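Engineer: I'd like to go over a predicted model; first the sequence, then the structure.
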Amino acid sequence: MKILCVSDEIDPFIYNPAVKQLFGDVAAVLCAGDLPMDYIDFIVSTLNKPTYFVFGNHNLSEYKYYSKEFSSPLSMQNSIKAQESRSHGAVHLGFKSAVTEITIQDPDTKKSRPLLIAGADGSIDYNHGQCQFSESQMRWKLRALAPSLLMNKIRYGKYLDIFLTHASPRKIHDKEDPCHRGFECFHNFLKKYAPTYMVHGHIHLYNQNEERVGLYYGTTVVNAFSHHVIEL
């Protein structure tokens with residue numbers, strides 16, 4: 001099973017009329033942030049595959065329709081309607097988990113079950129902008145995923161298959177400047193929930209010698225910059 005991962009830039013290999021011929025065999029698309037929603041809309045409408053996304057720290061014009069920090073009790077109903085009308089056919093996974101419609105064969109039990117995905121929006125807080133979080137804020141947001149991940153373990157024998165984020169873990173693919181530092185708390189998340197893949201964006205790859213894919217704690221961590229295809 002192939003899954004197309006994209007992030008951070010409009011890739012001419014994706015944003016062209018031949019994309020269905022190039023990537024029509026993928027089972028799903030993961031969007032790891034900093035992408036215009038119109039680009040996600042193009043991917044959904046052209047490939048017609050289940051598509052999941054998180055927000056990064058840029059291209060946030062529609063973030064207000066998905067974030068609780070912009071919602072009040074009076075605006076919540078309108079916000080939900082706005083999400084439905086602006087979802088572009090993709091599922092937002094910011095601090096949520098999803099039991100998807102995609103069926104896989106569990107490598108341990110050899111039984112069929114749904115693909116399990118969870119996600120986290122945003123980057124480290126570097127100038128107090130939208131969709132930026134401190135280390136402690138991100139830690140608490142990840143803890144809120146625990147009940148649904150535990151339910152996955154009980155029902156399907158696994159917490160998680162794919163962890164979709166914008167930022168990377170600290171000291172894995174990240175940089176030392178304030179904007180591009182990763183989150184320390186992602187390390188404990190990977191150790192505890194053992195996803196098969198972690199897919200992130202945020203870190204632009206301009207040097208072919210930089211690592212795009214690495215194995216950490218038994219999880220394959222993938223930088224989705226531009227585009228990358230993973231296989232389950």
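Structural biologist: Looks like it came in fine. Predicted, not measured: the structure shown is a model, and the values here were computed from it. Residues are numbered from 1 along each chain as shown.

Engineer: Could you use CA atoms for every contact and neighbour count after this?
Structural biologist: Fine.

Engineer: ok, and the helix or strand in this structure with the lowest average confidence?
Structural biologist: helix 76-86 (a mean of 45; mean pLDDT, DSSP states H and E).

Engineer: where does this structure have low pLDDT?
Structural biologist: For the chain, applying pLDDT under 70 flags the ranges 69-88.

Engineer: about what we covered before: looking just at contacts, which helices and strands does the next helix or strand after the least confident helix or strand of the chain meet?
Structural biologist: Downstream of helix 76-86, the first helix or strand assigned by DSSP states H and E is strand 91-92. Judged by 3 or more Cα pairs under 8 Å, 6 or more residues apart in numbering; DSSP states H and E, the packing partners of strand 91-92 are strand 51-53.

Engineer: can you pull the contacts of the residue nearest to the spatial centre of the chain?
Structural biologist: Nearest to the geometric centre of the chain sits L164, at 2.7 Å (Cα atoms, centre = their mean). Taking Cα atoms under 8 Å, 6 or more residues apart in numbering, we find L164 in contact with 30, 32, 53-54, 93, 117-120, 198-200.

Engineer: where do the strands sit along the chain?
Structural biologist: 2-7, 28-31, 51-53, 91-92, 96-105, 112-120, 123-124, 132-133, 162-165, 197-200, 213-216, 219-223, 226-231 (DSSP state E).

Engineer: who wins for proximity to K175 among the ones you listed?
Structural biologist: Closest approach to K175 among those (Cα to Cα): strand 123-124, 11.6 Å.

Engineer: How about residues contacting the closest one?
Structural biologist: For strand 123-124, using Cα under 8 Å, 6+ apart, the contacting residues are 56-57, 131-135, 166-167, 178-183, 202.

Engineer: do stretch 15-28 as well
Structural biologist: Looking at what lies outside stretch 15-28 - Cα under 8 Å, 6+ apart - the contacts are 1-4, 13, 39, 42-43, 46-47, 49-51, 102.
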